[in-house]
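# let me see the structure of the following:
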Amino acid sequence: DNLMFLPNKRCETTKLIKIPRSKFDRIKYHYIVPRYDHFCGWTYNTYGEENYRWFLMFLAQHVTMCFYGSYVSALLFYDEIQQKKLFELTFFDRATGETVKAGYLIVFQYLFARRTLEACVFTVMFVMGIALAVFLGYHVYLTSVGQTTNENTKWGDVTQWYKRQQQRYQKTVKEAKEKSQGDDPPPVVVPTVGDEDVTCTPGAQSSQPQSAAKEGTTSIDLDHFDPGPIPKNIYDRGFVENWKEVIFPMSRRKDVLLLGGYSKPKGNPSPEKNNLGSSQNTDQTADKKTKAT
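As a prediction, this is how the structure comes out:
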């Protein structure tokens with residue numbers, strides 16, 4: 001995409017050409033992982049193209065187990081409340097010597113004192129279930145929009161850079177218009193830069209503007225240029241294809257060339273495939289003529 005992943009870029013460690021969306025794993029496997037997502041410290045494993053689907057299944061299974069355990073524990077507490085009719089009782093406070101009518105807080109304190117272990121297990125499962133459900137929802141969102149955890153962080157930096165640059169450019173244009181209304185100083189011409197020259201690297205500048213300042217005018221800092229619209233994610237093939245890419249990894253699919261590989265959108269078959277198909281048709285026609293003769 002010439003933004004986050006550059007063509008023909010070599011890995012600094014292995015000196016191999018990296019395919020788009022890949023990254024060198026420095027923690028566990030120590031090789032280039034295609035479609036690198038993240039390293040999980042809880043499972044001590046790196047997740048990428050071929051095992052990311054199992055990570056999603058792992059999260060979904062634990063979310064189900066946590067909420068199921070919480071539901072069963074709640075049923076056990078509810079059954080004890082119904083059998084002992086706890087909400088109809090009056091409790092005695094040993095500290096103050098007063099009698100207290102049962103309420104939700106009183107019943108909770110009673111159950112927590114009598115069933116401390118069960119109450120702790122219920123609390124941990126319920127809280128972890130919510131946390132894992134949020135984490136699973138985040139990864140479902142990333143998969144649906146065709147991003148990885150690694151790419152989502154980079155896209156956030158790219159978006160912020162474009163927004164800051166657009167604000168600086170609009171501010172510069174506004175100041176230039178205000179100055180051009182008077183006789184002095186002369187009008188300011190803002191240089192424009194194509195999208196191919198834009199980079200989100202801090203401190204990087206454009207090579208050459210497409211339009212230079214006219215003679216007799218005052219040019220501005222080249223940092224203030226129109227960055228254009230925020231680039232789109234070319235790896236987003238659509239909801240269905242994004243999920244197919246995760247459930248059925250490209251490295252294990254025979255139709256990967258029909259999809260254009262790792263970077264091209266669906267619907268652009270490679271010319272090699274077309275040439276191959278035409279050559280096969282020619283060979284079949286020649287075989288038929290041979291058999292006819």
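# Three-state assignment for M65, please.
What DSSP: H, G, I helix; E, B strand; the rest coil gives for M65 is helix.
# near it, how many other residues are there?
The local packing of M65 (other Cβ atoms under 10 Å) involves 14 other residues. (Glycine included, C-beta is placed from N, CA and C.)
# what does F55 give?
Count around F55 with other Cβ under 10 Å applied: 19.
# for it, what are phi and psi?
phi -70, psi -40 (degrees, to the nearest 10).
# and the gap between the residue nearest to it when sequence neighbours are not counted and I27?
Excluding the flanking residues, the one nearest F55 by Cβ to Cβ, 6 or more residues apart in numbering is Y47, at 4.7 Å. Between Y47 and I27 the distance is 12 Å, computed by Cβ to Cβ, to the nearest Å.
# over to G156?
22 Å.
# before we move on, what about S144?
27 Å.
# with K244 instead?
For K244 relative to I27 (Cβ to Cβ), the value is 29 Å.
# any idea how many residues pack against S70?
Considering only other Cβ under 10 Å, S70 is surrounded by 20 other residues.
# please apply the same query to the one 3 residues further on.
One way to gauge burial is a neighbour count; for S73, by other Cβ under 10 Å, it gives 18.
# also the one 4 residues further on?
Residue neighbour count, defined by other Cβ under 10 Å, stands at 17 for F77.
# I figured it hits V121, correct?
No: here F77 does not reach V121: they are 11.2 Å apart, not a contact under Cβ atoms under 8 Å.
# which parts of stretch 50-61 are buried?
Taking 16 or more other Cβ atoms under 10 Å as the neighbour-count basis, stretch 50-61 is seen to contain the buried residues 52-53, 55-56, 58-59.
# C-alpha coordinates for the helix or strand harbouring L111, CSV please?
Element membership of L111, judged by DSSP states H and E, is helix 104-114. The C-alpha trace of helix 104-114 is given here as CSV (Å, rounded to 0.1, in the frame of the first residue of the first chain):
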residue,chain,number,x,y,z
TYR,A,104,-30.4,-6.8,48.7
LEU,A,105,-27.3,-5.6,50.5
ILE,A,106,-28.0,-7.6,53.6
VAL,A,107,-28.7,-10.8,51.7
PHE,A,108,-25.5,-10.3,49.7
GLN,A,109,-23.5,-9.9,52.8
TYR,A,110,-25.1,-13.0,54.3
LEU,A,111,-24.4,-15.1,51.2
PHE,A,112,-20.8,-13.7,50.9
ALA,A,113,-20.2,-14.7,54.6
ARG,A,114,-21.7,-18.1,54.3
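# packing partners for it?
Applying 3 or more Cβ pairs under 8 Å, 6 or more residues apart in numbering; DSSP states H and E, one finds that helix 104-114 contacts helix 52-84.
# partners of the helix or strand that the helix it packs on is followed by in the sheet?
Remark: after helix 52-84, the chain's next helix or strand is strand 90-92, criterion DSSP H and E. Neighbouring strands of strand 90-92 in its sheet, by DSSP bridges, are strand 99-101 (antiparallel).
# neighbouring contacts of the strand it pairs with?
Contact with strand 99-101 is made by 90-93, 106, as judged by Cβ atoms under 8 Å, 6 or more residues apart in numbering.
# and the closest residue to T90 other than its chain neighbours, bridged to which residues?
Taking Cβ to Cβ, 6+ apart, and ignoring the residues beside it in sequence, T90 has T99 as its nearest neighbour in space, at 5.2 Å. Taking DSSP bridges as the rule, T99 bridges to F92.
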